[in-house]
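Visitor: Pasting a predicted model and its sequence here:
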Amino acid sequence: MFSFHPLPRLVVMSMLLLCPKAMAFVSIHQKALLFYYPLSTVAEARNAKLAKLEIFGQPLVCYDNKNGTIIVHSDICPHQGASLSKGWVNEMGNLQCPYHGFEFCSGMFCKIPNPILEPRPFRSNTKLPVFPTLEMNGMLFLSPVSVKAPPLPFPFFPPEEYDKNFRAVEGSRIIDQNHMTVCENLLDMLHISYVHSFGNSISPLPYSMKTRNLSETSGRTEFLYQPRDFTISGKVGRVSKVVVQNEYHLPTNTITRVIAGKVVKTVFTRSLPLSKNKTLLFWKVYRNFWMDPYVPEFSAPGDWLMTYLMKYTVEEDVQMLHNVYPLHREGPLKTKYDITIKNFRTAVAQGYQQPLPVLTNATQTFLQAFHDYDI
């Protein structure tokens, strides 16, 4: 889902545009981890043709260059600062600035139009920071560092994505809250009993907790929980207690897998930081029930109901998240039920310590002077 938001002050990206030779790479933001981030579905990106984005508070433009490649780069024209997303993509697949018509080929300034003389495109030293995209399983992902950065790990997908015994519905929601707060809410095992209608405030505490690391960048906490009687677990799974698996996978992926006997429902999310206190949440719910393996159309009622229930659940979270002070999410009061959040924070902190491509002194000066936007 593409978002349109007021743009903040211009920071390091616009400064680096003035000195393209000074940079070994460009990062969208100093708080971006070296992983692919979700951008939109591929279908949305291609249908939009030309769209303005805001990621980590930075203005970007996304478009199809008519060669089958989705291009994402700075939305700021290096000539006089116009928003390139207000321009157009011509028949050659070049993006033209709405202010003076200058053409950019995959981010490189390549032509000053003159229909009478019909000048040929040229190569120049003026190149916008271009952020590589990756298409995978219908999703479009964005590298937070420019093309000269080292290869990044492929985006994570849960095993249910590749299991034919599961069917899924998906959606997205913009939330006016910091992305770390959103992620931690999804990993919070205690809030279920008090925030969500399917929670059990009479028996609110999870038990038999087991925690383990799945890798250096992912972890899982498994516990038992007693949901209310009218829930899917009780009515469809016909069990009084369920096994819940909470997982995180960097940079912002979470899993909540509820196992009620043979009935399994898995909620998978990705969070995209749009700005300091605005997050785009992507969600996908997998299920192995309410589906017909032979006639997909017969699964439509189950799709509708799962979509309705997930949207309702997300809105319950949103109402609470609007009442959370993001600067105080790491309060002094700690409990054993916060273990998944604690491990996620540790993994994120270690992710910030990953080695980055070498920067020249000039680029380091720009980063230090203008990376004052705190996510």
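Guide: Yep, that arrived.

Visitor: Where does the residue nearest the centre of the chain sit: helix, strand or coil?
Guide: For the chain, the residue nearest the mean C-alpha position is L272 (2.9 Å; Cα atoms, centre = their mean). Secondary structure for L272, judged by DSSP: H, G, I helix; E, B strand; the rest coil, is strand.

Visitor: Also S299?
Guide: Per three-state DSSP, S299 ends up helix.

Visitor: What of N213?
Guide: Relying on three-state DSSP, one would call N213 strand.

Visitor: now R173
Guide: Put simply, R173 is strand when judged by three-state DSSP.

Visitor: Touching, it and L281? I think so.
Guide: Yes. Assessed by Cβ atoms under 8 Å, R173 is found in contact with L281 at 5.0 Å. The C-beta positions use only the backbone N, C-alpha and C, and glycine is treated the same way.

Visitor: what domains does the record give for the protein?
Guide: Domain assignment for the chain by automatic domain parsing gives 12-149, 159-350.

Visitor: Out of those domains, which gets the lowest mean score?
Guide: Ranked by mean pLDDT, the domains of the chain bottom out at domain 12-149, with a mean of 84.

Visitor: Which residues are in contact with each of R173 and L281?
Guide: Jointly contacting R173 and L281 under the rule Cβ atoms under 8 Å, 6 or more residues apart in numbering are V314.

Visitor: Of these two, give the one with the bigger neighbour count.
Guide: L281 (27 against 18; other Cβ atoms under 10 Å).

Visitor: Tell me who's in contact with that one.
Guide: Neighbouring residues of L281 by Cβ under 8 Å, 6+ apart: 172-175, 182, 269-272, 314.

Visitor: ok, what's across the strand from it?
Guide: Counting by DSSP bridges, L281 forms beta bridges with R173, S271.

Visitor: And M139, by the same measure?
Guide: Beta-bridge pairing of M139 under DSSP bridges involves T41, M136.

Visitor: Tell me, how many residues neighbour it?
Guide: For M139, the neighbour count with other Cβ under 10 Å is 22.

Visitor: ok, now which ones touch it?
Guide: By Cβ under 8 Å, 6+ apart, M139 lies in contact with 38-42, 155, 282.

Visitor: Check C77 too.
Guide: 83-84, 97, 99, 102.

Visitor: And the strand or helix carrying A43, how far out from the chain middle?
Guide: Taking DSSP states H and E as the criterion, A43 maps to helix 42-48. On the basis of Cα atoms, centre = their mean, to the nearest Å, helix 42-48 sits 16 Å off its chain's mean C-alpha point.

Visitor: List the buried residues of stretch 59-76.
Guide: 59-64, 70-76 (16 or more other Cβ atoms under 10 Å).
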